[in-house]
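Asker: After the sequence you'll find the predicted model.
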Amino acid sequence: MDNIEHLDVLPDDIINFAAGWPNEKDVPLNYLKEASDKSYERFFNNKNNDIQEILQYAAENGSDSFIKVLIQYVNDKLKINEYSENPEILYNVNNEEEGEENNNEEEGEDDKIFCNKLEYKNIKIVQGGSYGLFLCANRIHNLQNGVSIRNKNIVCLSDPTYFLAEGIFTNDCNYESITIPTDENGMKIELLEERLLNDENLAKNLRIVYTIPTFHNPTSTILSVKRRKLLL
């Protein structure tokens, strides 16, 4: 697998899942071209705009217009009233099964998760998943001048996990790592709970639990509702 992972061109009968790259055939080239054309047209038709602006680096926090559109989309998708003084919503996640045990039960408060309205301060646009992991890990690690102000920081990773994750946490950000196995319903959160209850050092120093709950990389599993609730 290691040899296949680093091949520039794979044989036609091999699909490489190691890096999690999308299929080139699924890239919406027509939409990308349309967006690019509209951007250039907008700047060419407005004398007050500098054409170089769309060719330079964006703001540190990402595109302002994109962030606003994203916030509106998410809040609309979750049917959150952005004018509410207490913008909490019960977002139903009971469509996923945990065996057959809940199929005939009526939906109740325990079948829902509270979501707050998404705001501008909650958004950070990054170049990719690995960069986002690095920023989060450093933030939680609380590095100051390259030295952690905490004695120890532990990250819990699903096993298997995203192939760059462990290196980012352990090599780049000086975390110690533990792993929790996965099955067809995602990370075995109940095993993590058991370890936390029986390991005082882990319970004291665990800073991050890293897993991918929906379409996990590389297993493609979906974390069950029961385990999502236990994790929270």
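Answerer: Yes, it's here. Numbers count the residues shown, from 1 in each chain.
Asker: measure Ala35 to Ser158 for me?
Answerer: As judged by Cβ to Cβ, to the nearest Å, Ala35 and Ser158 stand 35 Å apart. In short, each C-beta sits where N, CA and C put it, glycine included.
Asker: Between those two, point out the one with more neighbours.
Answerer: Ser158 (26 against 10; other Cβ atoms under 10 Å).
Asker: What pLDDT is listed against that one?
Answerer: Looking at Ser158, its pLDDT is 95.
Asker: cool, and Gly186?
Answerer: For Gly186, the model assigns a pLDDT of 95.
Asker: do you know how far it is from Lys152?
Answerer: 27 Å.
Asker: One more: Leu133?
Answerer: 19 Å.
Asker: More neighbours: these two, which one.
Answerer: A direct count of neighbours by other Cβ under 10 Å for Leu133 and Lys152 places Leu133 higher, at 22 against 14.
Asker: Leaving aside the residues adjacent along the chain, what's closest to that one?
Answerer: Leaving out its chain neighbours, the residue that sits closest to Leu133 by Cβ to Cβ, 6 or more residues apart in numbering is Ile168, at 4.9 Å.
Asker: The one you found and Ala137 touch, don't they?
Answerer: Yes - with contact defined as Cβ atoms under 8 Å, Ile168 and Ala137 form a contacting pair (6.3 Å).
Asker: Check which residues of the helix ranked longest in the chain are buried.
Answerer: Using DSSP state H to define each element, the chain has its longest helix at helix 29-44. Under the neighbour-count criterion of 16 or more other Cβ atoms under 10 Å, helix 29-44 has Phe43 buried.
Asker: average pLDDT across that helix?
Answerer: Taken as a whole, helix 29-44 has an average pLDDT of 86.
Asker: Using CSV, write out the CA atom coordinates for that helix.
Answerer: What follows is helix 29-44 as a C-alpha-only set of coordinates in CSV (Å, rounded to 0.1, in the frame of the first residue of the first chain):
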residue,chain,number,x,y,z
LEU,A,29,-15.5,22.1,-14.0
ASN,A,30,-18.5,23.8,-15.6
TYR,A,31,-19.5,25.5,-12.3
LEU,A,32,-15.9,26.5,-11.6
LYS,A,33,-15.6,28.1,-15.0
GLU,A,34,-18.9,29.9,-14.6
ALA,A,35,-17.8,31.3,-11.2
SER,A,36,-14.4,32.4,-12.6
ASP,A,37,-16.0,34.1,-15.6
LYS,A,38,-18.4,35.9,-13.4
SER,A,39,-15.7,37.1,-11.1
TYR,A,40,-13.6,38.6,-14.0
GLU,A,41,-16.7,40.1,-15.6
ARG,A,42,-17.7,41.8,-12.4
PHE,A,43,-14.3,43.4,-12.0
PHE,A,44,-13.9,44.4,-15.6
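Asker: from the chain's centre, how far out does that helix sit?
Answerer: Here the centre of helix 29-44 is set off from its chain's centre by 28 Å, with Cα atoms, centre = their mean, to the nearest Å.
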